[in-house]
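S.K.: Make a model of this:
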Amino acid sequence: MVYADLHVHTTNSDGQMELDEVPAAAREAGVSVVAITDHDRMNPVLDAPVTERDGVTVIHGIELRVDAGDQRVDLLGYGVRETDALADVVEHIQTNRIERGQAIIDCVEDRLGVSLGIEGREGLGRPHIARAVADHPDTDYDYNGTFDHLIGNGCPCYVPRDVPSFERGREALLDACGLVSLAHPFRYPDPEAALALCADLPAVERYYDYGREVEPAPVERAVEKYDLLVTGGSDAHDHELGLAGLSEAEFADVSALVG
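M.R.: Sure, this is the predicted structure:
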């Protein structure tokens, strides 16, 4: 049973849930603690590192994309407090997100000869564009097909993001958050290189629903080598929580840092 799901997205970035819907989804899944980790932005409604909403503990978090040189990785910050350094990083990313999102939309509309009815804005991500394409009556692409053929990495309408360096993102998060964790290490082209970054981090996302079997030994070796705390979460973009996360005992170590 998952006690703490520490990787959940809302409509503040590219999730489908409003923040007010999270407690009910948590209770449905038997989850007692949820971390809101929207992409590259803080949630303006959450005004404290940890709050309680309708009987569910809600941790204010953030998921930040950073450039580690040979690949890009995601860092999860928990118990976030706004600082000038983090605000500057987020502002830069969101400005680029707006410009990049509009460039992708323009390319897709021109290529398909349709109007998607959306535009670049803060928090907009490729999932929003893929949903708009899939929902349009005059396109032949579903959600996954939009990524596979139009907007995925290397596809005709893909536009890369401008993201901060690993060093800048890490320092901003360490200063603003109670705990910083490397997200989903097996989602990167080079998981071993990603795990090596944990030498400069306090935690790693040990539990994650990859949708496939993964060999946990590399993460376990990193935990032992770098004396890491472990985090975990479902990376929920819909209403289904609790697919991965921490037990109550495992969360106790995290809780001591994020409050």
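S.K.: Strands of the stretch 51-200 of the chain, start to end?
M.R.: 56-67, 72-78, 179-182 (DSSP state E, counting those that start in this stretch).
S.K.: so what's the residue of the chain positioned farthest from its centre up against?
M.R.: Distance from the C-alpha centroid of the chain, by CA atoms, centre = their mean, peaks at Gly113 (31.6 Å). Counting by CB atoms under 8 Å, 6 or more residues apart in numbering, Gly113 touches Asp138. To be clear about C-beta, it is placed using only N, CA and C from the backbone, and glycine gets the same treatment.
S.K.: how close does it sit to Thr139?
M.R.: 9 Å (CB to CB, to the nearest Å).
S.K.: do Ala183 as well
M.R.: 31 Å.
S.K.: Neighbour count for the two, which is higher?
M.R.: Set Ala183 next to Thr139 and count neighbours by other CB atoms under 10 Å: Ala183 wins out with 22 against 18.
S.K.: ok, and the closest non-adjacent residue to the more buried one?
M.R.: Distance criterion CB to CB, 6 or more residues apart in numbering; nearest residue to Ala183, sequence neighbours excluded, is Asp74 at 4.0 Å.
S.K.: beta partners for the one you found?
M.R.: Arg65 (DSSP bridges).
S.K.: which of the residues in the top helix by length along the chain are buried?
M.R.: Taking DSSP state H as the criterion, the chain has its longest helix at helix 84-112. For helix 84-112, the neighbour count (16 or more other CB atoms under 10 Å) marks 85-86, 89-90, 93-94, 96-98, 100-102, 104-105, 107-109, 112 as buried.
S.K.: For the residue nearest to Ala183, give its distance to Ala199.
M.R.: Noted for Asp74: a distance of 17 Å to Ala199, by CB to CB.
S.K.: Likewise for Met17?
M.R.: 35 Å.
S.K.: Among those two, which residue is more densely surrounded?
M.R.: Between Met17 and Ala199, Met17 has the larger neighbour count (other CB under 10 Å), namely 21 against 10.
S.K.: what's the closest non-adjacent residue to that one?
M.R.: Spatially, and ignoring its direct neighbours in sequence, Met17 is nearest to Thr10 (5.2 Å; CB to CB, 6+ apart).
S.K.: With Val114 instead?
M.R.: Asp138 (5.2 Å).
S.K.: And Pro216, by the same measure?
M.R.: Leaving aside its sequence neighbours, Pro216 sits nearest to Arg206 (CB to CB, 6+ apart; 7.4 Å).
S.K.: Can you report how many residues lie near that neighbour?
M.R.: 21.
S.K.: what do you get for Glu192?
M.R.: The local packing of Glu192 (other CB under 10 Å) involves 11 other residues.
S.K.: Same question for Ala256.
M.R.: By the measure other CB under 10 Å, the count of residues near Ala256 is 11.
S.K.: is it true that it lies in a helix?
M.R.: Yes: Ala256: assigned to a helix according to DSSP: H, G, I helix; E, B strand; the rest coil.
S.K.: per-residue confidence for it?
M.R.: With respect to pLDDT, Ala256 scores 92.
S.K.: For the residue nearest to Val114, which residues are in contact?
M.R.: Contacts of Asp138 (CB under 8 Å, 6+ apart): 112-114.
S.K.: Okay, it and Cys155: tell me how far apart.
M.R.: From Asp138 to Cys155 the distance is 20 Å (CB to CB).
S.K.: Leaving out sequence neighbours, find the closest residue to Asp148.
M.R.: That would be Cys155: by CB to CB, 6+ apart, it lies 7.6 Å from Asp148.
S.K.: Next one: the one you found from Arg100, what distance?
M.R.: For Cys155 relative to Arg100 (CB to CB), the value is 14 Å.
S.K.: Check Ala236 too.
M.R.: The value you get for Ala236 to Arg100, if CB to CB is used, is 24 Å.
S.K.: now Arg111
M.R.: Arg111 sits 17 Å away from Arg100, going by CB to CB.
S.K.: Count residues in the vicinity of the residue nearest to Met17, would you?
M.R.: Thr10 has 22 nearby residues by other CB under 10 Å.
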